[in-house]
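J.: 3D, please:
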Amino acid sequence: MTVPDVIARMQTELVGVQRTDGVACFTRLYLDVTQGVQARLAGTTFRDPAFLARLDEVFAGLYFDALDAAKRDPSKLPRAWAPLFASRSTRGIEPLQFALAGMSAHINRDLPLALVATCTELGVGLEEGTPQHADYTHVNGVLAAVEAHVKAQFLTGWGRFLDRILHRLDRIDDVVAMWDVSRARDAAWVNAEALWALRGEPALSAGFLTTLDRMVGLTARGLLTRR
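T.: Numbering: from 1, shown residues only. Here you go, the predicted model:
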């Protein structure tokens, strides 16, 4: 699956789905951020572009796995993703809350797994100071800028107007303040390092991932608190 394939799949997932649907809110954010990052990185020289390309594909695949699990067998949906899918039709939750809950689940839970899988496949390490880590860190700044622009779009228009009337902007501001994509990606790298170190200890590795999954799920519930 290439990045254009990833974009096409997300576009397909949005067809016929209400804009207020919680999962669609995240998918829309993910799609806009992906396209924005691709545009801004055009012509950029990386030390290991194959690593970044493959990481993007593996990373997106984990979200598509969650989508497929929700449709076919919800019992297999990771706990990190469960709150978003369970609350997708709940009234009183802002589109941006849904979007950030999905971003949290995807980066905090899926990104460490994607990093380990990609490094294993390509035969590279997860140490800081490597070409792969330098490229990964470089993307952080671009991603943060694009995400900030996209998030602002969720806080414009009619929804923003209603929030001003009802004095609820402070609640949304609190939600936004809970999330920082660069810090989340830094934490994801550290968690990937932990999983990498535990490769030879299946029981410990599974326990670590289970705990991470649960903690990310708790974060999602906090982000999805109704007004």
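J.: For the protein, give me the ranges with low pLDDT.
T.: 155-179, 227 (pLDDT under 70).
J.: make it 80
T.: 1, 41-43, 145, 147-180, 226-227 (pLDDT under 80).
J.: quick one, helices of it?
T.: For the chain, helices defined by DSSP state H occupy the ranges 3-14, 22-40, 49-72, 82-86, 95-104, 111-122, 131-154, 158-166, 169-177, 181-197, 202-223.
J.: Just say which of these is most tucked in.
T.: helix 95-104 (a mean of 26; mean count of other CB atoms under 10 Å). All C-beta atoms are positioned from the backbone trio N, CA, C, and that covers glycine.
J.: Just the CA atoms of it, as CSV, please.
T.: Coordinates of each C-alpha in helix 95-104 appear next as CSV, following Å, rounded to 0.1, in the frame of the first residue of the first chain:
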residue,chain,number,x,y,z
PRO,A,95,-15.9,17.2,15.9
LEU,A,96,-12.4,18.3,17.1
GLN,A,97,-12.8,16.1,20.2
PHE,A,98,-13.4,13.1,17.9
ALA,A,99,-10.5,14.1,15.7
LEU,A,100,-8.0,14.4,18.5
ALA,A,101,-9.2,11.2,20.2
GLY,A,102,-8.4,9.4,17.0
MET,A,103,-5.1,11.1,16.6
SER,A,104,-4.2,10.1,20.2
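J.: Now tell me what touches stretch 215-227 from outside.
T.: Residues from elsewhere that reach stretch 215-227, judged by CB atoms under 8 Å, 6 or more residues apart in numbering: 22, 79-84, 87, 90-94, 97-98, 100-101, 104-105, 108-109, 168, 171, 175, 178-179.
J.: repeat for stretch 35-43
T.: So stretch 35-43 is contacted by 3, 7, 139, 142-143, 145-146, 149-150 (CB under 8 Å, 6+ apart).
J.: Tell me how many other residues surround the residue nearest to Arg91 when sequence neighbours are not counted.
T.: Nearest residue to Arg91, sequence neighbours excluded (CB to CB, 6 or more residues apart in numbering): Arg226, at 7.9 Å. For Arg226, the count of nearby residues is 11 (other CB atoms under 10 Å).
J.: distance of Arg226 from Leu218?
T.: Separation of Arg226 from Leu218 (CB to CB, to the nearest Å) stands at 16 Å.
J.: same deal with Phe85?
T.: Phe85 is 15 Å from Leu218, where distance means CB to CB.
J.: just Val15 next, same as before
T.: Counting by CB to CB - Val15 and Leu218 are separated by 32 Å.
J.: Then Ala206?
T.: 19 Å.
J.: contacting residues for His106?
T.: The contact partners of His106, by CB under 8 Å, 6+ apart, come to 26, 30, 59, 62-63.
J.: quick one: which of those residues is nearest Arg183?
T.: Phe59 (17.6 Å; CB to CB).
J.: Hmm, the closest one is touching Pro112, no?
T.: No. With contact defined as CB atoms under 8 Å, Phe59 does not reach Pro112; the gap is 10.2 Å.
J.: Perfect, I'm done here.
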